[in-house]
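Output the structure for:
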Amino acid sequence: MSSQSDSLAPWPLPPAASAAPSLNLRKQRVLFFVEGFTDIRFVEGLSRICDLTMVVPERQYLSSGLRDRVADLLLPLAVLPISGRRLAFQLRSLAALWRCAGDFDLILAQEALRGALNANLVGKLKRVPVVTYVGISPLEYFRCRRERGQLGRLRFALGEAVIRALLRINGRMATRCLAMGPYLREVAARYCPRTETALYYGVNTHLFRPGAAVQRAALRRLLGLPGDKFLVLLSSRISHEKDPETVLRAVSIARDQGLDAVLLNLGGGWSEFLTLAHALGLPEPDRWVMARPAANPMTEVFDYFRAADAVAMASLAEGAAYSTLEALACGIPVVATAVGGMAVQLRGYARLVQRRDSPAMARELLWVAANPTSARAQALEGRAYVVSEWDSARAFADLERTLAQVAAAGCP
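The predicted structure is shown next:
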């Protein structure tokens, strides 16, 4: 354990030469409190619109590769790494917030659970406004653990009670709550009446854009992907709320019905995905199941979307599912489960199926393969929707205005 972590010393980074200027004469001084993982695209955008310092759990900051990506981009921010697991992180982060909160115009807290509780307590006592940013539906995600048999009855009941209590407490204390997309706004508004829809990092529709068929062939050669197969992409980490089993079974069914398909998982937990393909007893998975670590979302991942014939996403619960929006921005047909944010956002633009319905997902993949022109046209309608409603420039312009409003109003 480094002395740097123990002393909570910031890790300063040199300013980015290409950082876009803010609309404000003085950027808001924002303390971004992260209790788990966060996306480099959100961090990069935040660093452009505010004077940013992050408090992060050291273990996740290192293991996710976020530290390296922040350094590679030369982002103008400082980082306070906090060592320790749940209880140790909770106590040490509370102390760190107490020491430095008064130096900032506001605190931006990730989610509305235990980390946000620290932020709200310190914010109230130090008279610093706190904005919580909700990116998941906590109760739904937690119930997925029970559904998967990961929690006994007692632990589940206790955990659900704690989550409900934290949501209520943070909902009352937060100055403002931002929720990622329209579905999560409805979820968060049950606990915080001052909830607004926000777009997180949005979709960079200049990077995530359609490509021609000739580009697809060239990309497959460049990425080492089979050029003569129907390529289905699952761009998602493997976690308890996702449903990779349904995607694997669906592609297997489609293959049994004559579609020469391969399935590529791109994301955290990729090795577990390969193990799962064998555990399900699917026929010859080594011939058609592939997996790779998450690609850099700012320099690589859009090429994987453009190389695919279809994107499949199955979930037990879902907040916003940005990978499906990114696929549509690339004009790639999407087959997805009609749950949570996907049910709200993708209707009319993607082929939606019921939860855990592998045969239905297989039928939709077969339809996409048999009707490429119609499937592409539907996806391009989805791109127009993403450009209009989810573009990253709008996401950060809206966020900049909101942060300025909250900071100007101060702590109620």
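
where exactly do the strands run in this structure?
Taking DSSP state E as the criterion, the chain carries its strands at 28-33, 50-57, 77-82, 106-110, 130-134, 176-180, 195-198, 230-235, 261-266, 289-292, 310-313, 334-337, 351-353.

which stretch among those comes nearest Leu399?
Of all these, strand 195-198 sits nearest to Leu399, with 6.3 Å by Cβ to Cβ. From N, CA and C alone the C-beta is placed, and that goes for glycine too.

Got phi/psi on Thr38?
For Thr38, the backbone dihedrals (degrees, to the nearest 10) come out as phi -140, psi 160.

Just give the closest residue to it, not the sequence neighbours.
Leaving aside its chain neighbours, Thr38 sits nearest to Gln110 (6.3 Å; criterion: Cβ to Cβ, 6 or more residues apart in numbering).

quick one: pLDDT of the nearest residue to Ile136 once chain neighbours are set aside?
Spatial nearest neighbour of Ile136, excluding adjacent residues (Cβ to Cβ, 6+ apart): Gly319 at 4.8 Å. pLDDT for Gly319: 94.

what's the neighbour count on the residue nearest to Thr38?
The number of residues packed near Gln110 is 23, by other Cβ atoms under 10 Å.

Same check on Glu186?
Glu186 - counted by other Cβ under 10 Å - has 14 other residues nearby.

and what of Ala350?
By other Cβ under 10 Å, neighbour count at Ala350 equals 26.

how much space is there between it and Thr324?
As judged by Cβ to Cβ, to the nearest Å, Ala350 and Thr324 stand 6 Å apart.

any residues in contact with both of those two?
When contacts are counted by Cβ atoms under 8 Å, 6 or more residues apart in numbering, Ala350 and Thr324 have 334, 336, 342 as shared neighbours.

before we move on, the earlier item: ok, the residue nearest to Thr38 - contacts?
32-36, 38, 116, 133, 135.

Can you say which of those are buried?
Neighbour counting with 16 or more other Cβ atoms under 10 Å marks 32-35, 38, 116, 133, 135 as buried within these.

Which of those sits closest to Arg220?
So of those, ranked by how close each gets to Arg220 (Cβ to Cβ), first place is Thr38, at 31.2 Å.

returning to what we had before: reformat the contacts of Gln110 as TSV; add distance to Met290 and pLDDT.
Formatted as TSV, those follow (distance: Cβ to Cβ, whole Å; pLDDT from 0 to 100):
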residue	distance to Met290	pLDDT
Phe32	35	98
Phe33	37	97
Val34	31	95
Glu35	33	90
Gly36	28	89
Thr38	27	93
Ala116	38	96
Tyr133	34	97
Gly135	28	94
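
Looking at the residues you listed, which is nearest Ser236?
Gly135 (14.4 Å).

How much space separates the nearest residue to Gly267 once chain neighbours are set aside from Met313?
In this structure, Gly267 finds its nearest non-sequential neighbour in Arg237, 4.4 Å apart by Cβ to Cβ, 6+ apart. Distance of Arg237 to Met313, computed by Cβ to Cβ: 12 Å.

Next: Lys242.
Taken as Cβ to Cβ, the span from Lys242 to Met313 is 8 Å.

now do Gly268
On the measure of Cβ to Cβ, Gly268 and Met313 end up 15 Å apart.

More neighbours: which of these two?
Between Gly268 and Met313, Met313 has the larger neighbour count (other Cβ under 10 Å), namely 26 against 18.

In contact with the closest residue to the more buried one other than its chain neighbours, which residues?
Spatial nearest neighbour of Met313, chain neighbours left out: Ala336 (4.5 Å); criterion: Cβ to Cβ, 6+ apart. For Ala336, the contact set (Cβ under 8 Å, 6+ apart) comprises 312-315, 321, 324, 342, 346, 350-353.

Tell me which two of those residues sit farthest apart.
Applying Cβ to Cβ across these, the maximum distance is between Ser315 and Arg351, 14.9 Å.

So the two - more neighbours on which side?
Here Ser315 and Arg351 are compared on neighbour count by other Cβ under 10 Å; more neighbours surround Ser315, at 28 against 22.

Distance-wise, check that one relative to Leu231.
Distance, Ser315 to Leu231, by Cβ to Cβ: 21 Å.

In CSV, list the contacts of Gln110 along with distance to Phe302.
Below are those laid out as CSV (distance: Cβ to Cβ, whole Å):
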residue, distance to Phe302
Phe32, 25
Phe33, 30
Val34, 25
Glu35, 29
Gly36, 25
Thr38, 20
Ala116, 32
Tyr133, 24
Gly135, 21
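
Of the residues you listed, which is the nearest to Glu389?
Gly135 (17.2 Å).

Please name the spatially closest residue to Leu94 (chain neighbours excluded).
Asn118 (4.7 Å).

Where does the prediction get shaky in the stretch 251-400 of the chain?
Along the stretch 251-400 of the chain, no part satisfies pLDDT under 70.

Would you map the helices across it?
All helices of the stretch 251-400 of the chain, identified by DSSP state H, counting those that start in this stretch, fall at 270-279, 301-307, 322-329, 340-345, 358-370, 372-389, 392-409.

highest average neighbour count across these?
Sort these by mean neighbour count, taking mean count of other Cβ atoms under 10 Å, and helix 322-329 sits at the top with a mean of 28.

Nearest approach to Ile169 belongs to which of the strands of the chain?
Among those, strand 130-134 sits nearest to Ile169 (Cβ to Cβ), with 11.1 Å.

Tell me what angle that closest one forms with strand 106-110.
20 degrees (axes from the mean of the first three to the mean of the last three Cα atoms, to 10 degrees).

partners of strand 130-134, with directions?
strand 106-110 (parallel), strand 176-180 (parallel) (DSSP bridges).

now the ones you listed as a markdown table including mean pLDDT and distance to Tyr201?
Shown next, in a markdown table, are these (pLDDT from 0 to 100; distance: least, Cβ to Cβ, whole Å):
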| stretch | mean pLDDT | distance to Tyr201 |
| --- | --- | --- |
| strand 106-110 | 97 | 13 |
| strand 176-180 | 97 | 9 |
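
Domain map for the protein?
Segmentation of the chain into domains, based on automatic domain parsing, reads 3-202+392-409, 213-389.
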